[in-house]
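1. only geometry, no sequence info:
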């Protein structure tokens, strides 16, 4: 028979007396692990982090730090007393802005011009990219890309000068061509109704080639096997564009559309200001030009800041609304 154990199991009290002494609580292991991973990532990719410092510094210095001085929109700003020593007036500047009879016309001009620009400039680069993607002759494709992409590098001042010369009622190419058909010269720059068309279509001419490059990069990421399968199944070129290319670039198109709508109230100041004159001022005066004239020319910094702050809030609201709608309709947005 088996014998009993020589050393029976001690009772619980005895075990507690012979147990190991309690250990000290160890430091936070996850925090220490994150620090170690951060140091390792810095050693491996320090060049990339150094490259990221430059754009990060740009946004901090020129975007975030100036945001602290928007407080002068709620003050009667005095350059002598500074932004923090000026008298607090609350919403007085905004009340003056909304009560200004010019404000309604400024808002209408800005919104109409911005949405006209979006409607015209959004589909044309997509169509250009789809057309270039289907071209098989390399020299012709490169030529079209160069011709459409080159205007993007022309400065706004030069573009406006070219526009004024081309549309001149005396020696402009357009009026000279119309004269051949017996049409009287048209003062395009002097009639307010032409201002929006001139602004929008010169902008489309200048930026369509650059925007098309973004869509062509998205088209290059589509799996060629999809086109091969569709070709084998008998799909035509238009059917492949509709069912393969367009869904493939849809996420990119949605992001660009959201960003475009988010900049509705921040439409370009330079071209608008350069195309302005006393004859078309009724339709060419928009919020950015009004801020410039109020803040710098009239030295009313508080009112100019209030207008700019209102502009930014409206842009943020439009960005959030369009992003929400795009996520509900297409499933794509700026963030998840």
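-> That came in fine, so what should we check first? Quantities reported herein were computed from a predicted structural model and do not represent experimental measurements.
2. touching the host helix or strand of residue 130 from outside, list them.
-> Using DSSP states H and E, residue 130 sits in helix 123-134. Residues outside helix 123-134 that contact it (C-beta atoms under 8 Å, 6 or more residues apart in numbering) are 141, 144-145, 148, 204, 207-209, 211-216, 219, 237, 241, 245-246, 249, 253. Just so you know, the C-beta spots here come from the backbone N, C-alpha and C atoms, and that holds for glycine as well.
3. now do the helices in the stretch 51-200 of the chain.
-> Along the stretch 51-200 of the chain, counting by DSSP state H, counting those that start in this stretch, helices occupy 65-67, 82-85, 92-99, 101-121, 123-134, 138-149, 156-166, 173-179, 195-220.
4. turn those helices into JSON lines, including mean pLDDT, mean neighbour count and distance to residue 316.
-> JSON lines is the format used below for those (pLDDT from 0 to 100; neighbours: other C-beta atoms under 10 Å; distance: least, C-beta to C-beta, whole Å):
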{"stretch": "helix 65-67", "mean pLDDT": "88", "mean neighbour count": "10", "distance to residue 316": "12"}
{"stretch": "helix 82-85", "mean pLDDT": "86", "mean neighbour count": "12", "distance to residue 316": "22"}
{"stretch": "helix 92-99", "mean pLDDT": "89", "mean neighbour count": "16", "distance to residue 316": "16"}
{"stretch": "helix 101-121", "mean pLDDT": "90", "mean neighbour count": "16", "distance to residue 316": "15"}
{"stretch": "helix 123-134", "mean pLDDT": "91", "mean neighbour count": "18", "distance to residue 316": "25"}
{"stretch": "helix 138-149", "mean pLDDT": "88", "mean neighbour count": "13", "distance to residue 316": "32"}
{"stretch": "helix 156-166", "mean pLDDT": "92", "mean neighbour count": "15", "distance to residue 316": "26"}
{"stretch": "helix 173-179", "mean pLDDT": "90", "mean neighbour count": "13", "distance to residue 316": "40"}
{"stretch": "helix 195-220", "mean pLDDT": "91", "mean neighbour count": "18", "distance to residue 316": "23"}
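5. mind putting the ones you listed into CSV with distance to residue 312?
-> Below are these laid out as CSV (distance: least, C-beta to C-beta, whole Å):
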stretch, distance to residue 312
helix 65-67, 9
helix 82-85, 17
helix 92-99, 13
helix 101-121, 13
helix 123-134, 27
helix 138-149, 31
helix 156-166, 22
helix 173-179, 38
helix 195-220, 22
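6. which among those is found nearest to residue 326?
-> Residue 326 sits nearest to helix 101-121 of all those, at 13.7 Å, using C-beta to C-beta.
7. now the angle from the closest one to helix 195-220?
-> Interaxial angle, helix 101-121 versus helix 195-220 (axes from the mean of the first three to the mean of the last three C-alpha atoms, to 10 degrees): 40 degrees.
8. so what touches helix 101-121?
-> By C-beta under 8 Å, 6+ apart, helix 101-121 touches 97, 196, 199-201, 203-204, 207-208, 211, 257, 260-261, 263-265, 267, 272, 282-288, 290.
9. so who does residue 282 touch?
-> Shown in contact with residue 282 (C-beta under 8 Å, 6+ apart): 105, 192.
10. in the one helix or strand it maps to, what counts as buried?
-> Using DSSP H and E, residue 282 falls within helix 281-284. Using 16 or more other C-beta atoms under 10 Å as the burial criterion, the residues of helix 281-284 that qualify are 283-284.
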